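Trainee: output the structure for:
(2 chains)
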Amino acid sequence: MTAIAPPLAEGELVTSTRLGQLLSDVWVLTKRSLARIRREPETLSEVTIQPVMFVLMFAYVFGGAIGIGGKGNYHEYLIGGMIGMGLAQTAPGTAVAVVSDMSTGLIDRFRSLPMSRAAVLMARSLADMLTQIIGASVTAAVGLAIGWRIHGTALQAIEALALALLFGYAFTWAGICLGMVLRSPEAAQQTGFVIFLPLTFISSAFVPTQSMPGWLQPIAEWNPLSSLAAACRGLFGNPNPAASVDAWPAQHAVAAVICWSVGLIVVFAPLAIHLYRSKNR
Amino acid sequence: MSDTPAIQAEGLIKNFGKTRALNGLDLAVAPGTVYGLLGPNGAGKTTAVRVLATLLRPDGGHARVMGHDVVTQAAAARRVIGLTGQYAALDEYLTGRSNLLMIGQLSRLTTRAAARRADELLERFGLTDAAGRAVKTYSGGMRRRLDLAASLIAHPSVLFLDEPTTGLDPSARALMWDIVRQLVADGTTLLLTTQYLDEADQLAGRIAVIDGGKVIAEGAPAELKASVGGQRVVLELADPEDAPVAAKALAPFATTEISPAGAQSSLEVPVAAADGLATQVLRALDAVGVSVNDIAVRTASLDDVFLTLTGHKAEEAEEEAK
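Mentor: Sure thing, here's the model as predicted:
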């Protein structure tokens, strides 16, 4: 009988730098997350069916009652906000995926392997960014179908989408942290809903902040999703009531989105990795 | 074979809040042997394995695996260990083969080496036909085998098996035992926790009984059995009401006090080994008019060791912990 676990031959182990090891591990684990989507495409409903529903409901149910000031078209106004909202909406799903992962023995196995400590969560953030790209594409496609148009240059449109993805990526880290501190997928789903629903609604994603009561306006104006919506609308050449709002994040929407994104990553990524390292220790 | 233990723990302490899970645990496991950790649930077996497998940082004491400190040299320790826990540590949505490839690559194997090892292990563990199916379609026994294969993919020198056969049917269990024996024959060092005492008896060269977070007895299975006193007389009484009388008649033979709780038809008495023991026992019982349906004399089992050392049976301890 030959040995079950014969010694490995020369050259069968990878010798690489720490960075090379990190990149390799992240890639292996990102493929793992994507393989799950391939096997269970319904997990993508969050970024495929939901954006379609939201765009159509707001465009045709609420849209008629929402005034955006001037003679702007609400459908044109809506999409800049919907792209950001669709990205924020994936955060509870991220939290659920992280809680589920952490509650299985698989994470123990990962932690007992000679692999990079940061790789598991970085792979999660990358895989979720890929689903966010799908979500943003679906939103844009539905938008085009209901009359939304890009009036700016191609470069500006790319800048808007890149900005949205940067923010979506940063926001994923908040979802990962939430998943690291909660104990069950149900709790993650509920908590995510309670945090992220007001966040998307108290913004200019669906209605201009000018229509809100005075005390609420500063909150909505400083909401990163308002800045993202304003930045997208400005770059797409869509109606952008925020341009006439006298608040720094409304006037400097692109800079505000970049600041928010960098801030979220700087705070939540190291925190998430720290939580992962110290889990159960 | 060198004298350096493959696994060495000295005075391990681990607290969870106010609970002290490990309370000065010492272990030394010789290379190429199977070492069994026995103890009631909550005794600290799993905590000990998790510390040794670098998953938990001890609050006190030291541990080394193949000479690598599990805290200060955790990365080096992880290169020489494999871990199979109580729950299959697999991705449910990946195929069996993809799981092995992933674990292999994360264990620093080249893609080619991971593929070669994955196919070897799948064949060896009878999983080739299921290799292309998602793990969530696997039976419990198949999961355990795949899980074990995953922990073997990078040729670990030390393998930790935390209750590897809990919940498996007898044939799946026998297969796991065969694999364990083959691994030891290959020179792998195994640390095994189990709630099945016969499993420890069958597989382990040495056993540590753990209770309250530390080792309360250690030795080869035969030594442990000898330490709790040689033999047991098991009686089946014709009339359960005779139990107190029978107990009194057997007191001169017994090595510990016997106190039957009222009427009971079966009686088990730890006794010192002696020639003609069964005959003497029957004569003594006959003298006081107790009628016996069945009598057996057997040597102490690990269950007896467990009962004597921890004050409760292994199964009862499991129930209490739930």
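Trainee: where do the helices sit along the stretch 101-250 of chain A?
Mentor: Listed in chain order, the helices of the stretch 101-250 of chain A (DSSP state H, counting those that start in this stretch) span residues A:105-111, A:119-145, A:154-181, A:185-201, A:217-222, A:224-236, A:248-251.
Trainee: deepest of those, which one?
Mentor: Stretch with highest mean neighbour count among the helices of the stretch 101-250 of chain A: helix A:224-236 (a mean of 27; mean count of other CB atoms under 10 Å in any protein chain shown). Every C-beta, even on glycine, is put in place using the N, C-alpha and C of the backbone.
Trainee: re earlier: among the helices of the stretch 101-250 of chain A, which is nearest chain B?
Mentor: helix A:105-111 (3.5 Å; CB to the nearest CB).
Trainee: dump the C-alpha coordinates for that closest one into CSV.
Mentor: The C-alpha trace of helix A:105-111 is given here as CSV (Å, rounded to 0.1, in the frame of the first residue of the first chain):
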residue,chain,number,x,y,z
GLY,A,105,-15.6,25.3,10.3
LEU,A,106,-14.1,26.5,7.0
ILE,A,107,-12.8,29.7,8.6
ASP,A,108,-11.1,27.6,11.3
ARG,A,109,-9.4,25.6,8.5
PHE,A,110,-8.3,28.9,6.8
ARG,A,111,-6.9,30.1,10.0
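Trainee: so is it next to chain B?
Mentor: Yes - Helix A:105-111 is in contact with chain B by CB under 8 Å from any CB of the partner chain, via A:Gly105, A:Leu106, A:Asp108, A:Arg109, A:Phe110, A:Arg111.
Trainee: could the helices of the stretch 101-250 of chain A go into JSON lines alongside mean pLDDT?
Mentor: Compiled in JSON lines, those are given as follows (pLDDT from 0 to 100):
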{"stretch": "helix A:105-111", "mean pLDDT": "88"}
{"stretch": "helix A:119-145", "mean pLDDT": "93"}
{"stretch": "helix A:154-181", "mean pLDDT": "94"}
{"stretch": "helix A:185-201", "mean pLDDT": "88"}
{"stretch": "helix A:217-222", "mean pLDDT": "92"}
{"stretch": "helix A:224-236", "mean pLDDT": "94"}
{"stretch": "helix A:248-251", "mean pLDDT": "90"}
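Trainee: make TSV out of those and add distance to B:Asp119.
Mentor: Listed next are the helices of the stretch 101-250 of chain A as TSV, based on distance: least, CB to CB, whole Å:
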stretch	distance to B:Asp119
helix A:105-111	20
helix A:119-145	25
helix A:154-181	35
helix A:185-201	35
helix A:217-222	57
helix A:224-236	48
helix A:248-251	56
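Trainee: ok, back up a step: among the residues of helix A:105-111 next to chain B, which one sits closest to B:Glu199?
Mentor: A:Gly105 (20.4 Å; CB to CB).
Trainee: how about the closest one: what's its closest non-neighbour residue?
Mentor: B:Ala89 (3.5 Å; CB to CB, 6 or more residues apart in numbering or on different chains).
Trainee: next, count neighbours for the one you found.
Mentor: 23 (other CB atoms under 10 Å in any protein chain shown).
Trainee: assess the claim that it and A:Ser103 are in contact.
Mentor: No - taking CB atoms under 8 Å as the definition, B:Ala89 is not a contact partner of A:Ser103, at 11.9 Å.
Trainee: the residue nearest to B:Thr46 when sequence neighbours are not counted bridge partners, please.
Mentor: Distance criterion CB to CB, 6+ apart; nearest residue to B:Thr46, sequence neighbours excluded, is B:Asp162 at 5.7 Å. When bridges are called by DSSP bridges, B:Asp162 pairs up with B:Thr193.
Trainee: wait, what's in contact with B:Asp162?
Mentor: Taking CB atoms under 8 Å, 6 or more residues apart in numbering or on different chains, we find B:Asp162 in contact with B:Lys45, B:Thr46, B:Val49, B:Leu83, B:Thr84, B:Gly85, B:Gln86, B:Thr193.
Trainee: tell me which of those is nearest to B:Glu120?
Mentor: Nearest to B:Glu120 among those: B:Thr84, at 17.7 Å, using CB to CB.
Trainee: what's the neighbour count on the residue in the stretch 151-300 of chain B that chain A sits nearest to?
Mentor: Closest contact between the stretch 151-300 of chain B and chain A, by CB to the nearest CB, is at B:Asp186 (4.2 Å). Neighbourhood size, B:Asp186 [other CB under 10 Å]: 17.
Trainee: so how far is B:Gly187 from the nearest residue to it once chain neighbours are set aside?
Mentor: Closest residue to B:Asp186 apart from its sequence neighbours, by CB to CB, 6+ apart: A:Ala3 at 4.2 Å. As for A:Ala3, its distance to B:Gly187 is 8 Å (criterion: CB to CB, to the nearest Å).
Trainee: contact partners for the residue most central in space within chain A?
Mentor: Note on chain A: the residue nearest the mean C-alpha position is A:Gly168, at 3.1 Å, using CA atoms, centre = their mean. By CB under 8 Å, 6+ apart, the contact set of A:Gly168 is A:Leu87, A:Ala88, A:Thr90, A:Met129, A:Gln132, A:Ala136.
Trainee: repeat that for B:Met142.
Mentor: Neighbouring residues of B:Met142 by CB under 8 Å, 6+ apart: B:Gly96, B:Leu127, B:Ala130.
Trainee: hang on, the second one packs against B:Leu148?
Mentor: Meaning B:Leu127. No - using CB under 8 Å, B:Leu127 is not in contact with B:Leu148; the gap is 10.5 Å.
Trainee: may I see the buried residues of stretch B:100-119?
Mentor: By 16 or more other CB atoms under 10 Å in any protein chain shown, the buried positions in stretch B:100-119 come out as B:100-109, B:113-118.
Trainee: now intersect the residues you listed with the strands, please.
Mentor: Per DSSP state E, strands hold no members of the buried residues of stretch B:100-119.
Trainee: and of those, the nearest to chain A?
Mentor: Using CB to the nearest CB, the buried residues of stretch B:100-119 come closest to chain A at B:Ala113, 3.6 Å.
Trainee: surely that closest one meets A:Leu8?
Mentor: Yes - between B:Ala113 and A:Leu8 there is a contact under CB under 8 Å: 6.5 Å.
Trainee: what segments of the stretch 101-250 of chain B are strands?
Mentor: With DSSP state E, counting those that start in this stretch as the criterion, the stretch 101-250 of chain B has strands at B:158-162, B:189-193, B:206-211, B:214-219, B:231-237.
Trainee: okay, the ones you listed in JSON lines with mean pLDDT next?
Mentor: Listed next are these as JSON lines, based on pLDDT from 0 to 100:
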{"stretch": "strand B:158-162", "mean pLDDT": "94"}
{"stretch": "strand B:189-193", "mean pLDDT": "94"}
{"stretch": "strand B:206-211", "mean pLDDT": "91"}
{"stretch": "strand B:214-219", "mean pLDDT": "90"}
{"stretch": "strand B:231-237", "mean pLDDT": "84"}
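Trainee: could I get those strands as TSV with distance to A:Ile158?
Mentor: Listed next are these as TSV, based on distance: least, CB to CB, whole Å:
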stretch	distance to A:Ile158
strand B:158-162	51
strand B:189-193	56
strand B:206-211	62
strand B:214-219	64
strand B:231-237	82
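Trainee: contacting residues around A:Pro185?
Mentor: A:Val96, A:Val99, A:Ser100, A:Ser103.
Trainee: residue 211: how many residues sit nearby?
Mentor: If you meant another chain, say so; for now it's chain A. Around A:Ser211 there are 15 residues (other CB under 10 Å).
Trainee: switch to chain B, that's the one I care about
Mentor: Neighbourhood size, B:Asp211 [other CB under 10 Å]: 21.
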